[in-house]
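# Build me a model:
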Amino acid sequence: MALIAGVLLVPPAGAAPQGFDFSVVGPNGGGGRAYGNVDFTGKRSFTFDLRVVDQCNSAGNGDGLEVEVYFAMTTPSNATRVTEIKGWDRSGCGDGIPGPFSGTVSRDHDIKDLRVVIQLVHPSGAAAGYSTPSGFKNNPFV
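Numbering: from 1, shown residues only. Got it, this is the predicted structure:
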């Protein structure tokens, strides 16, 4: 804190972890789920704790797809930047929860906000056409 010209300047409070828990439905009722937390540590960085689950359909069958999760970040100029894959379940549905996945993401640009994105992919890595983002997680430092 500093007192300048009679005004008390207070630095931004530390960011509180922001949770997420959401799913995407794929073919035949299967899909993927991602849950965990992101915590902004500054204007250009955040930490994450993530779990990813390949979900079976109501009959207990898999869809043959894998689940991957990455982060889509928005800059103050509204450009979108994405991370590499940060979590996955590639071993099929109903066989436990891989992870946890955790880490720190740092960039050379400010991160205004981010979304967690789940995508379903074929075992070859090709997109299967099913993906969904979480709600926005706002960076209190920007």
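# For the closest residue to G99 other than its chain neighbours, which residues are in contact?
For G99, ignoring the flanking residues on the chain, the nearest one in space by Cβ to Cβ, 6 or more residues apart in numbering is R51 at 5.1 Å. C-betas here are computed from N, CA, C, even on glycine. R51 sits next to A34, Y35, G36, G87, I97, P98, G99, P100, F101 when contact means Cβ atoms under 8 Å, 6 or more residues apart in numbering.
# Next, give phi and psi for S102.
Main-chain dihedrals, S102, degrees, to the nearest 10: phi -150, psi 160.
# what's the nearest residue to it if we skip its chain neighbours?
Once flanking residues are discounted, S102 sits nearest to D49: 4.7 Å by Cβ to Cβ, 6+ apart.
# could you point out which element follows the host helix or strand of the one you found?
Per DSSP states H and E: D49 is located in strand 45-55. As assigned by DSSP H and E, the chain's next helix or strand after strand 45-55 is strand 66-74.
# Just put the contacts of R51 in TSV and tack on pLDDT and neighbour count.
As requested, the contacts of R51 are exported to TSV (pLDDT from 0 to 100; neighbours: other Cβ atoms under 10 Å):
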residue	pLDDT	neighbour count
A34	96	25
Y35	96	18
G36	97	21
G87	96	24
I97	71	12
P98	75	17
G99	79	16
P100	92	12
F101	97	17
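# List the ones among those that fall in strands.
Residues of those located in strands (DSSP state E): A34, Y35, G36, G87, F101.
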